[in-house]
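> Attaching a predicted model along with its sequence, questions to come.
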Amino acid sequence: MTKNNNYTHISSFDDFREEKIKLYYQIRLSEKKLEIKKMELQEYLNPMRFVSAIFNDLSQYVLNLFKSFISGFMQKAETSNAEKATTPKSSDSTSET
């Protein structure tokens, strides 16, 4: 069983000290990245943000329903106006005979 030895470049105590400092900074960088991810997750799961997102989704759905209702109503009104415009002429001619 062989282990990978990533420290073959260390040949003196100065190299060892530099490697130790490098590893220390890598650990600190990893910790800071983890803290940032934690803060992002907390912001994402914030209850106020969650409520506003749900409200936005629901309001978008309601507005789309309202828009389709209005457009359907307007189309029915246009077709009934068109039928009324043609219907009286034909009904007048039949009522006179």
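Thanks, I have it. Residues are numbered from 1 along each chain as shown.
> Against Leu58, how distant is Ser30?
40 Å (CB to CB, to the nearest Å). The C-beta positions use only the backbone N, C-alpha and C, and glycine is treated the same way.
> where along this structure do the helices fall?
In the chain, helices defined by DSSP state H lie at 13-44, 47-96, listed in chain order.
> what angle do the shortest one and helix 47-96 make?
Between helix 13-44 and helix 47-96, the angle formed by their directions is 40 degrees, by axes from the mean of the first three to the mean of the last three CA atoms, to 10 degrees.
> picking that back up, show me the least confident stretch of the helices of the chain, going by mean pLDDT.
If those are sorted by mean pLDDT, helix 47-96 sits at the bottom with a mean of 77.
> I'd like the helices of the chain as JSON lines, with mean neighbour count and distance to Tyr7 appended.
Listed next are the helices of the chain as JSON lines, based on neighbours: other CB atoms under 10 Å; distance: least, CB to CB, whole Å:
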{"stretch": "helix 13-44", "mean neighbour count": "10", "distance to Tyr7": "7"}
{"stretch": "helix 47-96", "mean neighbour count": "10", "distance to Tyr7": "46"}
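> Just put the ones you listed in CSV and tack on distance to Asn6.
Supplementary listing: these in CSV, determined by distance: least, CB to CB, whole Å:
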stretch, distance to Asn6
helix 13-44, 9
helix 47-96, 43
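> With Leu45 as the reference, measure out to Glu78.
48 Å.
> Dihedrals phi and psi, Asn6?
phi -90, psi 10 (degrees, to the nearest 10).
> cool, and Asn5?
Backbone dihedrals for Asn5, given as degrees, to the nearest 10, come out at phi -110, psi 100.
> same question, Ser12
Geometry field for Ser12 lists phi and psi as phi -150, psi 170, criterion degrees, to the nearest 10.
> Show me how the protein divides into domains.
10-45, 48-97 (automatic domain parsing).
> Let me have these in JSON lines, extended by distance to Asn4.
Shown next, in JSON lines, are the domains of the chain (distance: least, CB to CB, whole Å):
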{"stretch": "domain 10-45", "distance to Asn4": "14"}
{"stretch": "domain 48-97", "distance to Asn4": "44"}
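> Thanks again, I'm all set now.
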